[in-house]
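Q: What follows is a predicted structure for the sequence shown.
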Amino acid sequence: MNRLANILAKSGLLREDLDYHLVRWSMIIIFVFFGYQKWFWYEAQTLIPFISHGPLISWLHPLFGIEGASWFLGVSEWLICALLVLGFRNHTLGALGALGSIVTFICTVTIIPFMPDAWAASSGGFPAMGGNTPFLIKDVVLLAVSVYLLKENLIRVPDPNASNYFLRTLCRTADSLGLLKSDFVYNLLRASIIFIFLIFGYGKWFEYAARLMVIYITHGPLIFWLYPAFGFRGESRFLGASEWVTGALLFTGFWNKKVGMLGSLMSTFTFFSTVTIIPFMPNGWAASAGGFPAMTGEVPFLMKDLVLLAVSIYLLKQDVVRVVGTEERRVMQGTYLDA
């Protein structure tokens, strides 16, 4: 494990702010693409069950109408995107963008308990996901990432006491909530990814999930071999077992960083594999909206894996830093004792 950590450390993974930039840009891409498609009628119709069952957004249709609600969300997402971009330089605007992102994903995550057919009855219901739940459940990670981005903007303020009233108040509030503690966001992101692996891994033990996986595996350049190797049900069980192993390794990583590093590496490979499906997914771009970049079909579901991939790289970097640092301290202590 120490050799693996050293190899990863020398790969450029530990470059300053690499993980921060990857996570921030992944969220910017999400808001660009999802904001774009909301200008088209096909997406306004797609949003109907989400908005009508969203306890925090159900007012959008009565106020703006079906198409107007979609436009409102498109404007909001592009505004948040612009603030996140500006947040690289301006911490006040970046914090505003992160707050907007937090509100966005609180609104989407709270839809899950009210979404009809949210859990697969054929597989005993909860926690076997059905309907639109898999699409929404990934927003748990996106919500955690939004908190991470808020923290990053706040801790990069040179002197909070000398900043504007908004930042001072936000820094004090975040500090009182424990958000600025060194490992708070690291643990939050780790827990959110573990949750994803556990709940998605569970569904893959059932036939309904095996059927849903067909389109992804047959068009996945890195996973197409699963069918020839394991068969229809076998590939789904293989993925379920792999996801549970990854989740277990990540969970163990709360205490053992070497094991956690292995889990982070497996998580990185998992989401790299799913992201590479996007260019090969049939009917992934809405012809009625001019095609790319208007997402449709399975592409919006896969697009969120850009953020999950960035989070996996963040966790991998943090684990490598901890493993290498622990080993260096051990060597230094051994040298001191020998002397």
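A: Structure's in. What do you need?

Q: Any regions of the stretch 151-300 of the chain where pLDDT drops low?
A: Under the criterion of pLDDT under 70, none of the stretch 151-300 of the chain is flagged as low confidence.

Q: So which residues of it form helices?
A: All helices of the stretch 151-300 of the chain, identified by DSSP state H, counting those that start in this stretch, fall at 165-176, 184-203, 207-212, 214-218, 226-252, 257-275, 299-303.

Q: Same list (those) but as JSON lines, adding distance to Asn153 and mean neighbour count.
A: Any C-beta I mention is one placed from the backbone N, CA and C, and that applies to glycine too. Output for the helices of the stretch 151-300 of the chain, formatted as JSON lines (distance: least, Cβ to Cβ, whole Å; neighbours: other Cβ atoms under 10 Å):
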{"stretch": "helix 165-176", "distance to Asn153": "9", "mean neighbour count": "15"}
{"stretch": "helix 184-203", "distance to Asn153": "12", "mean neighbour count": "20"}
{"stretch": "helix 207-212", "distance to Asn153": "38", "mean neighbour count": "17"}
{"stretch": "helix 214-218", "distance to Asn153": "35", "mean neighbour count": "16"}
{"stretch": "helix 226-252", "distance to Asn153": "26", "mean neighbour count": "18"}
{"stretch": "helix 257-275", "distance to Asn153": "24", "mean neighbour count": "21"}
{"stretch": "helix 299-303", "distance to Asn153": "24", "mean neighbour count": "19"}
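
Q: right, so of those, which gets closest to Gly68?
A: Ranking the helices of the stretch 151-300 of the chain by their distance to Gly68 (criterion: Cβ to Cβ) puts helix 299-303 first, at 21.0 Å.

Q: Run the chain-centre distance for the closest one.
A: Between the centre of helix 299-303 and the centre of its host chain there is 12 Å, according to Cα atoms, centre = their mean, to the nearest Å.

Q: same deal with stretch 110-119?
A: From the chain centre to the centre of stretch 110-119 is a distance of 20 Å (Cα atoms, centre = their mean).

Q: How about stretch 294-311?
A: For stretch 294-311, the distance from its own C-alpha centre to the chain's C-alpha centre is 9 Å (Cα atoms, centre = their mean).

Q: now swap in stretch 235-250 and tell me
A: For stretch 235-250, the separation from the chain centroid amounts to 18 Å (computed by Cα atoms, centre = their mean).
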